[in-house]
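Asker: got a sequence here, can you build the structure:
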Amino acid sequence: MSAKQTAGVDTNLPVARPCDEPTTQEDKPGPCAWFLYYTLAGFAYWFGARRFDFDGDGDFDAADVEAFLKNGIDHLRNNFFHTSVVDRAKAVNKEIKKNIKEVKQDIRDKVTLDQDGDGEVTLDEILEAKVDGDVAVEDDIKDGLIKKQRLPLFIICQTLIAFLLWSIFDIKKVVQGHNPLLDPILHLGGIDSVAEGMTDLRAFGPNCADYRTQLWRWLTYQWTHAGFSHVAMNSILNLMLGIPLEGFYGSLRMFCFYNIGVVGGALCYMIGDGHRAVVGMSGGCYALLGMHIAGLIMNWKQFKFRRFIFVFLTILVGMDIIIYFFTHSTENSSVSAHVGGAVAGFIMGIVLGRNIKVRKIEYVWQGLAFTVGLGMTVFCILWLFLNKGLSVFDEEGWCWMRLVNYEALLGQAGWHCVSCNSQECIGFWQRVEDVDILNRTASAFMDYCWDRDSATYKWIVTDSTWPEFSAKLDSMIGATR
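Answerer: Alright, predicted model coming up:
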């Protein structure tokens with residue numbers, strides 16, 4: 001196959017012409033037809049099909065597309081469903097015996113499959129056959145044995161359960177009238193609807209209750225979502241990214257990879273955010289994305305549709321970013337969880353992922369990735385338990401925040417942000433009289449109190465400065481007596 005054909009398509013095209021310009025039967029496809037062919041093949045390749053050269057001419061062209069449209073469903077189904085290597089070997093033996101009269105001379109010329117002369121063609125003999133000249137028979141047999149895809153049972157079940165959990169509890173809230181009927185798609189729904197506040201991801205609860213040792217939250221937050229757009233986009237990412245991976249790795253390894261990504265998202269959230277309650281399976285979704293990126297890097301020259309895959313992944317991420325910022329509230333979602341899942345998936349993809357052609361330098365990359373991943377995990381855990389209420393973006397730790405309007409005490413009119421990291425500080429604000437306090441959760445005020453220009457919170461009182469205001473308040477009370 002020529003260098004131009006290694007990408008999986010025949011790129012020897014004529015000069016670009018308008019899409020509607022007629023072509024003769026002998027012409028090769030124009031740019032629009034080529035684009036459609038390439039996209040069709042790319043999606044089929046993405047979801048598990050590996051062979052597109054239907055007419056056996058060594059490339060993928062218009063003739064292959066015509067054959068693909070006629071027989072593609074059966075071809076994809078046969079190539080997607082997983083059968084055991086033993087069953088496939090038996091099928092190959094049966095097919096060889098059935099057609100022995102027609103292919104006997106061709107097999108003798110190209111390859112001797114029955115190497116030990118016992119009359120049986122075993123799996124080892126197929127895989128280890130020596131071929132003179134073009135490797136045709138062996139490649140076809142090995143392709144059928146090795147590249148069959150497994151059923152994506154885990155990713156389908158994961159997606160269905162998450163979507164159904166949100167849908168059931170959203171419908172329940174609408175029926176009961178707990179939320180306005182104008183925004184039913186924005187309801188929070190999932191297992192947290194059964195045990196409210198017990199399964200979402202958070203480090204601290206009301207009045208700085210310490211949840212850092214409740215490790216089950218690192219996994220259970222994936223089963224609750226903050227609205228239709230949230231669960232729908234995560235479901236799309238799951239299916240688009242998960243089916244190809246599970247087809248290759250299998251359900252058990254996919255289960256492990258996915259949940260490591262969920263935990264990775266939780267750990268990154270703990271050091272990069274840690275102040276709001278977070279829900280959703282974005283950590284697992286972005287772990288799948290990270291694994292695809294790692295696979296693309298490690299096997300760039302071995303992927304037929306590498307450019308298609310790169311563009312496809314870019315579009316998926318772009319769609320998720322747009323939906324994240326424009327269609328649902330950030331009160332129950334965190335960028336840190338997305339980043340943590342992607343980093344975990346990328347490291348798993350480098351260390352444990354598919355590597356078709358291993359180079360020596362890639363062993364160094366794998367060792368480095370494993371070391372970095374282990375170091376980051378230890379760092380996140382130590383940071384979480386040694387720094388109460390402190391993220392890497394905070395100047396001072398906090399686990400409680402409110403908006404306060406008290407000009408006499410604060411010296412400024414209007415609403416101002418205050419924070420606490422201890423029960424004493426919280427107690428001070430709870431005993432203050434004649435003061436307006438917006439008594440809602442921290443998540444509701446975080447965007448208001450965050451100063452984007454300085455990338456810090458605009459606190460007027462913190463856990464380290466509240467004693468000064470306490471003394472000022474005592475003096476104010478003494479002066480009125």
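
Asker: moving C-terminal of the helix or strand containing Tyr363, what's the next helix or strand?
Answerer: Using DSSP states H and E, Tyr363 falls within helix 360-386. Elements were assigned by DSSP H and E; along the chain past helix 360-386, the next helix or strand is strand 400-405.

Asker: if you count neighbours, what's buried in that next one?
Answerer: For strand 400-405, the neighbour count (16 or more other C-beta atoms under 10 Å) marks 400-404 as buried. All C-beta spots, glycine's among them, are computed from the backbone N, C-alpha and C.

Asker: out of those, the closest to Val278 would be?
Answerer: Closest approach to Val278 among the buried residues of strand 400-405 (C-beta to C-beta): Met401, at 16.4 Å.

Asker: ok, the closest one - contacts?
Answerer: Residues counted as contacts of Met401 (C-beta atoms under 8 Å, 6 or more residues apart in numbering) are 275, 417-420, 442, 445-446, 449.

Asker: what's the following helix or strand after the helix or strand of the chain with the lowest mean pLDDT?
Answerer: Comparing every helix and strand of the chain by mean pLDDT, DSSP states H and E singles out helix 137-146 as the least confident one, with a mean of 40. Using DSSP H and E, the next helix or strand after helix 137-146 towards the C-terminus is helix 153-176.

Asker: partners of the helix or strand just after that next one in the sheet?
Answerer: Once helix 153-176 ends, the next helix or strand along the chain (criterion: DSSP H and E) is strand 189-190. For strand 189-190, the paired strands and their directions (DSSP bridges) read strand 224-225 (antiparallel).

Asker: quick one: mean pLDDT over the partner strand.
Answerer: Along strand 224-225, the predicted local confidence has a mean pLDDT of 92.

Asker: mind listing the strands for the chain?
Answerer: Secondary structure of the chain, counting by DSSP state E: strands at 189-190, 224-225, 400-405, 416-420, 436-438, 450-451, 456-457, 459-461.

Asker: could you give the number of residues near the spatially closest residue to Trp300 that is not a sequence neighbour?
Answerer: On the basis of C-beta to C-beta, 6 or more residues apart in numbering, the spatially nearest residue to Trp300 that is not a chain neighbour turns out to be Arg306, at 5.7 Å. Residue neighbour count, defined by other C-beta atoms under 10 Å, stands at 17 for Arg306.

Asker: got any ranges where the chain has weak pLDDT?
Answerer: Using pLDDT under 70 as the threshold, the predicted model of the chain has low-confidence ranges 1-30, 33-34, 37-38, 41, 44-45, 48-149, 177-186, 326-333, 433-444, 477-481.

Asker: which one of the buried residues of strand 400-405 is nearest Trp365?
Answerer: After measuring the buried residues of strand 400-405 against Trp365 - C-beta to C-beta - the closest member comes out as Met401, at 42.5 Å.

Asker: rewinding a little: I'd like the contacts of Met401 as JSON lines, with distance to Glu196 and neighbour count appended.
Answerer: Conversion of the contacts of Met401 to JSON lines gives the following (distance: C-beta to C-beta, whole Å; neighbours: other C-beta atoms under 10 Å):
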{"residue": "His275", "distance to Glu196": "19", "neighbour count": "24"}
{"residue": "Cys417", "distance to Glu196": "26", "neighbour count": "20"}
{"residue": "Val418", "distance to Glu196": "26", "neighbour count": "26"}
{"residue": "Ser419", "distance to Glu196": "25", "neighbour count": "27"}
{"residue": "Cys420", "distance to Glu196": "24", "neighbour count": "24"}
{"residue": "Ala442", "distance to Glu196": "17", "neighbour count": "20"}
{"residue": "Phe445", "distance to Glu196": "20", "neighbour count": "19"}
{"residue": "Met446", "distance to Glu196": "20", "neighbour count": "17"}
{"residue": "Cys449", "distance to Glu196": "25", "neighbour count": "20"}
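
Asker: before I go, just wanted to say thanks for your time.
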